[in-house]
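*Asks:* Dropping the sequence and predicted coords here.
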Amino acid sequence: MSETPETGNVTEIDARRAAEALIVDVDGFEGPLDLLLSLSRTQKVDLRRISVLALAEQYLVFVDKARELRIELAADYLVMAAWLAYLKSRLLLPPDPADEGPSGEDMAAHLAFQLERLEAMRDAAARLMGRDRLGRDVFARGQPETVGRVRRAQFTASLLDLMQAYARLRTKDDFRPFVMDRNAILTMEEALARLRPLIGYAGEWTDLASYLPDGWTADPLRRRSALASTFAAALELAKAGQLELDQAENFAPIRLRATRDKA
Amino acid sequence: MNDTPQAPDDLPNDSLFDAPPLAEQERMVEAVLFASAEPVMEKELAARLPHGSDPAKALVLLEKRYEGRGVRLVRVGGAWAFRTAPDLSFLMRREVVETRKLSRAAIETLAIIAYHQPVTRAEIEEIRGVGVNRGTIDQLLEMDWVRLGRRRMTPGRPVTFVVTETFLDHFGLESARDLPGLKELRAAGLLDNRPPPAEGEAQETDGSEEDGDLFAPPGSGD
Amino acid sequence: MNDTPQAPDDLPNDSLFDAPPLAEQERMVEAVLFASAEPVMEKELAARLPHGSDPAKALVLLEKRYEGRGVRLVRVGGAWAFRTAPDLSFLMRREVVETRKLSRAAIETLAIIAYHQPVTRAEIEEIRGVGVNRGTIDQLLEMDWVRLGRRRMTPGRPVTFVVTETFLDHFGLESARDLPGLKELRAAGLLDNRPPPAEGEAQETDGSEEDGDLFAPPGSGD
């Protein structure tokens, strides 16, 4: 289909004239395929019936003309020229049975396909750009109302987390006998635990010593530890604003009472 | 489908000097108000609509059309705009749920409540060895994982905490008694394999303290 | 007597767990879509409406309601948005957003991606017969008109490009299937990835299409 008699219709002179017109614009082409597509328009036929041979000739004339005018063509234009010269020879010479390669017709058909495809994409692009477009022909809400985001934290824990936490606490507990459970020591935690529920009743000034647990007053060692930790616990609670402390003079009994702001 | 050229007969612009029909003006006002970034003054509508249009009339129609809809035509100062119907304002809020791990303090407190319920705050503090932040318990209450139990009949009548059904649901437990005990925790490798020094003895000395059941294994609660 | 105007019995909100009536759902969808400049996914509508609502049904009603109005309900992929009617664009000169002019290369590249998606850079170059400038694709990515698709399972695992919902929204397409002329182009075989005719020995290098055959006129491989 590419070796149609139209080949001769495009005279050398016409082709040169066309090339000269195009050459001015060589930067305007998006590569050799684009140039070929432009050249093919001069044939004024459907791309499916185009004469690839004539097109190859036009292209070669274009390249010659460019050389004559000392215009430097990009390498890809020259690669295309070489390939088209090869294609031209394949189309003109009788097929060589020893040659394994594709026939000139196949090559020409593929080039025609590429041109047709490029043109189709170009038309599609034009149709696409010609659609009613957002922000030009069609408009979105000009005053969108913002969607407030309400953050809500959702806390999770797995059963494993829970058990590990408990295990951690109990492991700590297992070591207590070593460190803490000496008979003569009342820990501050213990004193605090004891004092906390009791202070609710301490409406009047009461001697700190009266808060010592039973069985901790006889033995001096135990008494000292109990007094120290209860005093420390009292300081802690005073710090927390739950009770007030008072001492009349040095070494006088330390007295405490509940803070009176709840009344 | 929408890129076909419009039927030229309908075009308002071939009747160059006649105002478009009122229904058409209403469409126009609708589109302009929709797309505008700010409320539009009536006189600006008049300037933008084809010559001879009467935006005031179109606005009346439009206002009626949107009556009771999800969007309403409202007057803002001397200008007009579309606004979401006030009763639907709740749709304009989107809740973003962030999932976070419970803090160590919270999970420990929760574990103590679960294993020792009913348990007072002082007891929790005793077991943890540190004070319990008010916020920590509040958080657990708010999550509906713990609730208040009966007051303890001891001086000060402190409140106790117990776990809730929601808690059991979340952890897939039928009851708090199903929580694995210490031995099982150890068998599961959750406790150090180190044999606990004099466990039985420690247990006994503990027992002599104020709240006997404090360190009782799960399920032995009072 | 009791002549207060409200009829509290009709209020839909005392049926807390029933979905609101369809007409009410329609209002809600209307409000949500009106409030947003971006298309809203159907599943997001479902998430924002009260539990049990069926936005799909409400959308059908709403689409009908806005037929022929100055504002229309349009579908963009899996999302929905209100847009002004295209025939009223002449009123909107004030709203026109000046967009960056796209180069011819960018426009063609965009069209090739839209019609051939998912498509690799090498395939785009093969179709255009010229190398694709890095900046061209970057620009399209930046405009959020194209995005990366899945990698092609061929040697070198090249990335592919596909068009986005923003692209569909911009060009008023419901889906990429609605691209103008798509069927005809496909029927004409112009969307086929037709390889150049086999070249015998030259063919071996063709497998790694990455570099040599950028312009890919058949046989220009090396």
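*Replies:* That came in fine, so what should we check first? Numbers count the residues shown, from 1 in each chain, chains lettered A, B, ... in the order given.
*Asks:* mind checking how far the helix or strand B:A111 falls within is from the chain centre?
*Replies:* Secondary structure assignment for B:A111, by DSSP states H and E: helix B:104-116. Relative to the centre of its chain, helix B:104-116 is centred 24 Å away, using C-alpha atoms, centre = their mean, to the nearest Å.
*Asks:* Just the strands from chain B, written as ranges.
*Replies:* For chain B, the strands defined by DSSP state E occupy B:40-41, B:71-76, B:79-84, B:93-101, B:119-120, B:146-148, B:160-163.
*Asks:* Out of these, which is the most enclosed?
*Replies:* strand B:119-120 (a mean of 25; mean count of other C-beta atoms under 10 Å in any protein chain shown). (C-beta placed from N, C-alpha, C; glycine too.)
*Asks:* Counting by contacts, list what that strand packs against.
*Replies:* Counting contacts by 3 or more C-beta pairs under 8 Å, 6 or more residues apart in numbering or on different chains; DSSP states H and E, strand B:119-120 packs against strand B:160-163.
*Asks:* about what we covered before: among the strands of chain B, where is the model least confident on average?
*Replies:* Lowest mean pLDDT within the strands of chain B: strand B:93-101, at a mean of 73.
*Asks:* Partner strands of that one and their direction?
*Replies:* Strand pairing for strand B:93-101, determined by DSSP bridges: strand A:148-156 (parallel).
*Asks:* Scan chain A for its longest helix.
*Replies:* helix A:104-129 (DSSP state H).
*Asks:* if we can go back for a sec, tabulate the strands of chain B (TSV), appending distance to B:E184.
*Replies:* Shown next, in TSV, are the strands of chain B (distance: least, C-beta to C-beta, whole Å):
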stretch	distance to B:E184
strand B:40-41	72
strand B:71-76	61
strand B:79-84	56
strand B:93-101	24
strand B:119-120	21
strand B:146-148	23
strand B:160-163	19
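*Asks:* Out of those, the one nearest A:V147 is which?
*Replies:* strand B:93-101 (5.1 Å; C-beta to C-beta).
*Asks:* Keeping just the C-alphas, turn that closest one into PDB.
*Replies:* This file holds the C-alpha atoms of strand B:93-101, laid out as PDB (Å, rounded to 0.1, in the frame of the first residue of the first chain):
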ATOM      1  CA  ARG B  93     -18.100  18.000  62.100                       C
ATOM      2  CA  ARG B  94     -16.100  15.000  61.500                       C
ATOM      3  CA  GLU B  95     -14.900  13.000  64.400                       C
ATOM      4  CA  VAL B  96     -11.400  11.800  64.100                       C
ATOM      5  CA  VAL B  97     -10.800   8.900  66.400                       C
ATOM      6  CA  GLU B  98      -7.200   8.400  67.400                       C
ATOM      7  CA  THR B  99      -6.300   5.100  69.000                       C
ATOM      8  CA  ARG B 100      -3.800   5.400  71.700                       C
ATOM      9  CA  LYS B 101      -2.200   3.000  74.200                       C
END
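*Asks:* and that strand with helix B:104-116, angle?
*Replies:* Counting by axes from the mean of the first three to the mean of the last three C-alpha atoms, to 10 degrees, strand B:93-101 lies at 70 degrees to helix B:104-116.
*Asks:* ok, back up a step: between the longest helix of chain A and helix C:104-116, how big is the angle?
*Replies:* Using the same axes, to 10 degrees, helix A:104-129 lies at 100 degrees relative to helix C:104-116.
*Asks:* Low-confidence regions, the chain specifically.
*Replies:* The chain I'm using is chain A. Residues of chain A that meet the criterion pLDDT under 70 lie in A:1-12, A:15, A:18-25, A:148-152, A:172-183, A:261-263.
*Asks:* switch to chain B, that's the one I care about
*Replies:* For chain B, the stretches with pLDDT under 70 are B:1-17, B:95-96, B:182-183, B:185-222.
*Asks:* picking up where we left off before, is the longest helix of chain A positioned near chain C?
*Replies:* Yes - contact of helix A:104-129 with chain C (C-beta under 8 Å from any C-beta of the partner chain) involves A:106-107, A:109-111, A:113-114, A:116-118, A:120-125, A:127-129.
*Asks:* Go back to the residues you listed and keep what's next to chain B.
*Replies:* A:R127.
*Asks:* Need the contact partners of the helix holding B:A111.
*Replies:* If you take C-beta atoms under 8 Å, 6 or more residues apart in numbering or on different chains as the criterion, helix B:104-116 is touched by A:155, A:157, A:161-163, A:165-166, A:168-169, B:102, B:119, B:123-124, B:127-128, B:132-133, B:136-137, B:139-140, B:145-146, B:161-163, B:167, B:176, B:179, B:213-216, B:218, B:221.
*Asks:* in chain B, which spans are helices?
*Replies:* Counting by DSSP H, the segments of chain B that form helices are B:22-35, B:42-48, B:55-65, B:104-116, B:121-128, B:134-142, B:165-171, B:182-187, B:199-207.
*Asks:* Go through those helices and name the closest to A:A238.
*Replies:* Closest among those, once you apply C-beta to C-beta, is helix B:121-128, at 17.0 Å.
*Asks:* residues contacting residue 78?
*Replies:* Using chain A here. A:V63.
*Asks:* right idea, wrong chain: chain B
*Replies:* B:41-42.
*Asks:* Please report how far it lies from B:L45.
*Replies:* Relative to B:L45, B:G78 is positioned 11 Å away (criterion: C-beta to C-beta, to the nearest Å).
*Asks:* residues contacting A:R90?
*Replies:* By C-beta under 8 Å, 6+ apart, the residues touching A:R90 are A:103-104, A:107.
*Asks:* which one of those residues sits closest to C:E67?
*Replies:* Once C-beta to C-beta is applied, the member of the contacts of A:R90 that ends up nearest C:E67 is A:M107, at 53.9 Å.
*Asks:* Surely that closest one touches C:P197?
*Replies:* Yes - the criterion here is C-beta atoms under 8 Å, and A:M107 meets it with C:P197 at 5.9 Å.
*Asks:* between those two, which one's more packed in?
*Replies:* Counted by other C-beta atoms under 10 Å in any protein chain shown, A:M107 and C:P197 do not tie: A:M107 has more neighbours, with 25 against 17.
*Asks:* picking that back up, in TSV, list the helices of chain B along with mean neighbour count.
*Replies:* Shown next, in TSV, are these (neighbours: other C-beta atoms under 10 Å in any protein chain shown):
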stretch	mean neighbour count
helix B:22-35	23
helix B:42-48	16
helix B:55-65	17
helix B:104-116	23
helix B:121-128	22
helix B:134-142	15
helix B:165-171	16
helix B:182-187	16
helix B:199-207	13
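*Asks:* and those as CSV, adding distance to A:L69?
*Replies:* Shown next, in CSV, are the helices of chain B (distance: least, C-beta to C-beta, whole Å):
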stretch, distance to A:L69
helix B:22-35, 53
helix B:42-48, 55
helix B:55-65, 63
helix B:104-116, 82
helix B:121-128, 92
helix B:134-142, 84
helix B:165-171, 84
helix B:182-187, 91
helix B:199-207, 102
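*Asks:* what sits against B:W80?
*Replies:* Contacts for B:W80 (C-beta under 8 Å, 6+ apart) come out as B:29, B:33, B:39-42, B:45, B:59, B:73-74.
*Asks:* what is it paired to in the beta sheet?
*Replies:* Where B:W80 sits in a bridge, its partners, by DSSP bridges, are B:V40, B:R75.
*Asks:* domain ranges for chain B?
*Replies:* In terms of domains, chain B is parsed into B:22-86, B:102-212 (source: automatic domain parsing).
*Asks:* right, so of these, which gets closest to A:L212?
*Replies:* A:L212 lies closest to domain B:102-212 among those, at 13.8 Å (C-beta to C-beta).
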